[in-house]
Structures are given as structure tokens and as C-alpha cells.
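In: next comes the sequence, and after it the predicted model I'd like to discuss.
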Amino acid sequence: MNSNQNSASAAGKLTAVLGLNWGDEGKGKLVDILAGKMQFVARFGGGANAGHTIVVDGQKVVLHQLPSGVLHPQTKNVIGNGCVVHLPTLIDEMAELEKLGVKFVDRLFLSDRATILFDFHKELDGLAEAKLGDKKIGTTKRGIGPAYSDRVNRRSLRMGDLLNFETFAVKLRARLEEINSIEGMPFKFNIEREITLYEDLAERLEGMICDTSEILQNALADGKTVLAEGAQGSLLDVDFGTFPFVTSSTTTAGNIFSGLGIAPQNLNSIGVAKAYTTRVGAGPFPTELTNELGEKIRQIGAEFGATTGRPRRCGWMDLVATRFAARLNGTNAINLTKLDVLNDLPEIQVCTKYLLDGEEISSLPATIEDYEKVEPIFETLLGWQADTSAARKISDLPKNAQKYIQFIEKFLGIPVRWVGVGVERSAMAE
Ligand code: GDP
Ligand code: IMO
Ligand code: MG
């Protein structure tokens, strides 16, 4: 890159929306709201393990692989090289949206370097989980771990391979022969059928597979706005999350650059956190409420997974974990979501300290053994016991709700710019 391009690349505006907890913080809703003013929305990691919900005029849309900018006709959407893409799921998702009038020609771009996730990855995911027995991760069984393993093992097929179908077919045949010979594989893949399926998919995606890194570099150089849409949450990050109860990608800000193929640059980093915490799947969760109150929050908040339908575990907001995530992401503004779910509660607790073996720790432990021993210390705040759903300004919220927000802002040293008060696109106080 010459210096001219380098200075130009700083002209555009790069914004990120990243989950600060264990996923499902409400990223999709904020991305959809912001996408109205963005020229590009891009996914940089993950795959169909994500479930991002958008509700517009009572119509609910759950996006798994498509970026949450697709509902705005003027916004272009990118699935970046950092993603693992299951093409039959993508095609189904597009077909559902086409029924609602969404168009994809000239506005959906798929990186030629993105990893293709095949059905065999899903089978391998299921087998690995079954083998772990009661130590299983509780994955979404969407094949994420096996697909990323193939990528780092340098054996995956990539989207660009589809552009030369003859060589793609040779590579897929070889890989499927290998898969079919794995000991303990409960069934054999029909190789010819798989190849035909992908031939059809390649035709249907013609014109969409391209060098998205160049598209985004040019867009930023031309001063355009790009929104990087996070998937999963920072505490599911493969390095910084509650390893091994994590996903298989880097979900934090660093991966925006490598997962989209753009140079590191100034980032407007928005963090999304629920007014309480949820987690799907296994793994430590210090502030979890395993009592009736946890069940009440699950019911009021409709806390059932957008991808797998599993009940989400619920608990109090964990400011120690949220601060850890915000530091990793360089968060400069927060969207606190689902405040309305706490409307009825007389008191709200929030975790402000972690004790490990009786000593306060300032960060998160690296080992699962230590994380499981963490003792959360709570502070209690008064609830507001009032409806918040009509608030469109943070200053319209009940006094105690504002105090809760200020407490969070003070602890994190980051302003809360948006507060979610309902599922609808319009239900946001600013
Ligand atoms: P994502 O994966 O981070 O995009 O979040 P999900 O879509 O998986 O889960 C968030 C859930 O909360 C969805 O069902 C949203 O419709 C819903 N939601 C988002 N924001 C709010 C809010 O402010 N209030 C309420 N009650 N629901 C919300
Ligand atoms: P969004 O983008 C919540 C969790 C799974 C499991 C772990 C590993 O909607 O926030 P994986 O299938 O990725 O190998 O599963 O990660 N998980 C999520 N939890 N929201 C998600 O995505 C998730 N994606 C993965 O439940 O615990
Ligand atoms: Mg989700």
C-alpha cells in the first residue's frame, strides 16, 4: 500500500457493534438501527451459530449469517474472510428475506477467502460433543469448531474455490473421501450428491463471491461508513473467553481487521450489554440465578436461544466481566439492552468484584478451574417498578433506572448512549 492509500484509508468511518458478555446481548437490533445511516455492514467472524433478532412493525427476522444491515435497501452487506459459511443455510436465509421483498443483487458480497462450512463439519461437531459427555461445551452444533479447525489446519475449501468448479469438485471429493473413512463416523456422505449440490449453490451465488477486503478498503478510502457487526460475545472469544467453554473464533475487536482484511485504524467501538446477563451452553457464570428469580427473568425476557431455542441461563449484570470485555474492545459507548425486563423488580443486584481464594482480582482468571472458583460480590440498587417501554430519551426513564445506568457508566468509565426498552426497532431510548 502506498502512503497515499494509507492516509486515505483513515478518511472513512469504521464503527463496531460488539457483544460484551456471552452473546445474545441484542447486537442485531442496534446494528439494524445504525445500518440506516451506514453504507456497509460487515460480519467479520462466526457463522450460523449467531442468531441476531430484528423486529420491525411486529415482523420478526432472525439472521444467522447475513449481516443485520440487509433490511435497509441502500446498505451493502459483506460476509468477510473471517467467517465460516454454511451455504445451504445462507441460501435459505436469503430466500426467507426475498419473500419480504429484500433484494441481494449488488448488495451482498461474500469474501472469496471465507471458509466454507459443510454438513460434515456439523456432524463432526455433534460427534465431538457426544464424546465429551457431561463435559460438553454445549455448542450450537452448527459445525463451527470443526470448520475453524480445518481453516487453521490449512485444509478447508474457501468461497473462491467455487469460482473454478472443476478444481473445487476435486478438492471436495478428496475431503469427503477422507471424512467417510473416519472411524466411528455414523454414516457416509454421498459424494456425488454433495458435489451436485455445491455446483447448484455456486451458480446461485454467482457474482456475489469476490474480494471483499478490496471493496471495504476502497470504501473506507472513499470516506464511506462501514459497520462491523460482532457475533457471539467477548466472553466467548477463543482466547479471552471462558476457555474452553467458548466459540472457535476471535469475537473481540482485533478480529475486525483480520476478519475483514482492512488495516488497523480508528474504531468507534460500541459495546452491547444486557441490563442483566444471559448465557447459553455450558461454562462458568458467576452471577447466575438458579432460583425462581432467574426463571422469572427468563420468562419476561423471552430468554430462549435465537438459533437453537435452548433456554438461556439468566443472572445479574456482571460489571467485572463487562469491564474486561470493554477494555479488550476499546469500547467508547454502550448500548444497555432489555432494561424493560427488570421493570417489576424491587431490587437489582450488580456484581462489582470477583474474589478468588478470598482475594479480590481485577481481571478474569485464565483457567477454567480458577473461573469456577470465583465468588461474585454484589451491590444492591433500588428498582424502579414502572413501565419504561415508551421512553425514547434516557432522561425520560424513571429516576432509579437512570441511577442504575449512571452506576454502570461510573463503574466502566464509559457512557451509556442507548438503552433498549422493548423488542421493536423503535424501542430504544437515547
Ligand atoms: P444478538 O445475538 O446479540 O443479536 O441478540 P439475540 O437476537 O440473540 O437476542 C436478543 C433478544 O432480545 C431478541 O429476542 C431481541 O428481540 C430481544 N431484545 C433486544 N433488545 C431488547 C430490549 O431492549 N428489550 C426487550 N424486551 N427485548 C429486546
Ligand atoms: P450471537 O451472535 C450465544 C455459544 C454456544 C456454546 C459456545 C460454543 O447470537 O450472540 P459454537 O457453536 O460457537 O461452537 O458454541 O458458544 N454461542 C453463542 N451463545 N449467542 C451466540 O451468538 C453464540 N454463538 C455461540 O451456546 O456455549
Ligand atoms: Mg443471538
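Out: Looks like it came in fine. Ligands and ions are numbered 1, 2, ... in the order given.
In: distance of the closest residue to Gly283 other than its chain neighbours from Ile191?
Out: Spatial nearest neighbour of Gly283, chain neighbours left out: Phe245 (2.6 Å); criterion: Cβ to Cβ, 6 or more residues apart in numbering. C-beta: built from backbone N, CA, C; applies to glycine. Using Cβ to Cβ, to the nearest Å, we find Phe245 at a distance of 35 Å from Ile191.
In: go on, Pro244?
Out: Going from Pro244 to Ile191 by Cβ to Cβ gives 33 Å.
In: with neighbour numbers in mind, choose between Phe245 and Ile191.
Out: Applying other Cβ atoms under 10 Å to Phe245 and Ile191 shows that Phe245 carries more neighbours, namely 22 against 17.
In: now the phi/psi pair for the more buried one, please.
Out: Comment: the main-chain dihedrals of Phe245 come out as phi -90, psi 70, following degrees, to the nearest 10.
In: so who does it touch?
Out: The contact partners of Phe245, taken as Cβ atoms under 8 Å, 6 or more residues apart in numbering, are 137-138, 281-284, 368.
In: least confident of those residues?
Out: Going through those one by one, the lowest pLDDT turns up at Gly281, 92.
In: so that residue, which of the three states?
Out: Classification of Gly281 by DSSP: H, G, I helix; E, B strand; the rest coil places it in coil.
In: surely it touches Ile144?
Out: No: Gly281 is beyond contact range of Ile144, at 11.7 Å (criterion: Cβ atoms under 8 Å).
In: quick one: which of these two has more around it?
Out: The residue with more neighbours, out of Gly281 and Ile144, is Ile144; 25 against 22, by other Cβ under 10 Å.
In: and the pLDDT at the residue of the stretch 201-350 of the chain found nearest ligand 3?
Out: Ligand 3 sits closest to Ala306 of the stretch 201-350 of the chain, with a gap of 4.4 Å, by Cβ to the ion. Reading off the confidence values, Ala306 has pLDDT 81.
In: quick one: Ile209 from Lys37, how far?
Out: Here the criterion is Cβ to Cβ. By it, Ile209 lies 28 Å from Lys37.
In: same drill for those two, tell me which one is more crowded.
Out: When Ile209 and Lys37 are compared for neighbours, Ile209 comes out ahead with 21 against 12, by other Cβ under 10 Å.
In: about what we covered before: okay, now the residue of the stretch 201-350 of the chain closest to ligand 3: neighbour count?
Out: Ala306: 19 surrounding residues under other Cβ under 10 Å.
In: now do the one 3 residues further on
Out: Number of residues near Gly309 (other Cβ under 10 Å) recorded here: 9.
In: equivalent analysis for the one 3 residues further on, please.
Out: When neighbours are defined as other Cβ under 10 Å, Arg312 has 21 of them.
In: then Gly358?
Out: Here the count is done by other Cβ under 10 Å, and Gly358 has 6 residues near it.
In: check the one 10 residues further on too.
Out: Here the count is done by other Cβ under 10 Å, and Ile368 has 14 residues near it.
In: quick one: Asp134 is in a strand?
Out: No: Asp134 sits outside any strand when classified using three-state DSSP, being helix.
In: pLDDT score assigned to it?
Out: The confidence metric pLDDT takes the value 93 at Asp134.
In: who in the protein is up against ligand 1?
Out: The interface of the chain toward ligand 1, taken as Cβ under 6 Å from any ligand atom, is made up of 19, 23-29, 51-53, 55, 302, 306, 337-338, 340-341, 420-423, 427.
In: strands of the stretch 1-150 of the chain, start to end?
Out: Remark: strands assigned in the stretch 1-150 of the chain by DSSP state E, counting those that start in this stretch are 13-19, 40-43, 52-56, 59-63, 76-79, 84-85, 108-111, 115-116.
In: adjacent strands (with direction) for the fifth one?
Out: When pairs are called by DSSP bridges, strand 76-79 turns out to pair with strand 40-43 (parallel), strand 108-111 (parallel).
In: deepest-packed of these, please.
Out: Using mean count of other Cβ atoms under 10 Å, the stretch among the strands paired with strand 76-79 with the greatest mean number of neighbours is strand 40-43 (a mean of 28).
In: quick one: it near ligand 2?
Out: No: under the criterion of Cβ under 6 Å from any ligand atom, ligand 2 is not reached by strand 40-43; the shortest gap measures 9.5 Å.
In: can you list the residues that contact that strand?
Out: When contacts are defined by Cβ under 8 Å, 6+ apart, strand 40-43 is touched by residues 31, 35, 50, 65, 67-70, 75-80, 83, 212, 215-216, 219, 224-229, 231, 260.
In: which helix runs longest in this structure?
Out: Longest helix in the chain by number of residues, with DSSP state H as the criterion: helix 165-180.
In: what's that helix packed up against?
Out: Applying 3 or more Cβ pairs under 8 Å, 6 or more residues apart in numbering; DSSP states H and E, we find helix 165-180 packed against helix 119-132, helix 191-204.
In: next, the angle from the first one to helix 191-204.
Out: For helix 119-132 against helix 191-204, the angle between stretch directions is 120 degrees (axes from the mean of the first three to the mean of the last three Cα atoms, to 10 degrees).
In: quick check: buried residues in helix 119-132?
Out: For helix 119-132, burial by neighbour count (16 or more other Cβ atoms under 10 Å) applies to 120-125, 128-129.
In: check contacts around whichever residue of the chain sits closest to ligand 1.
Out: Nearest residue of the chain to ligand 1: Gly420, at 2.2 Å (Cβ to the nearest ligand atom). By Cβ under 8 Å, 6+ apart, the residues touching Gly420 are 26, 29, 335-340, 427-428.
In: check the residues you listed and tell me the two furthest apart.
Out: Looking at the contacts of Gly420 by Cβ to Cβ, the two members farthest from one another are Asn335 and Asp340, with 13.8 Å of separation.
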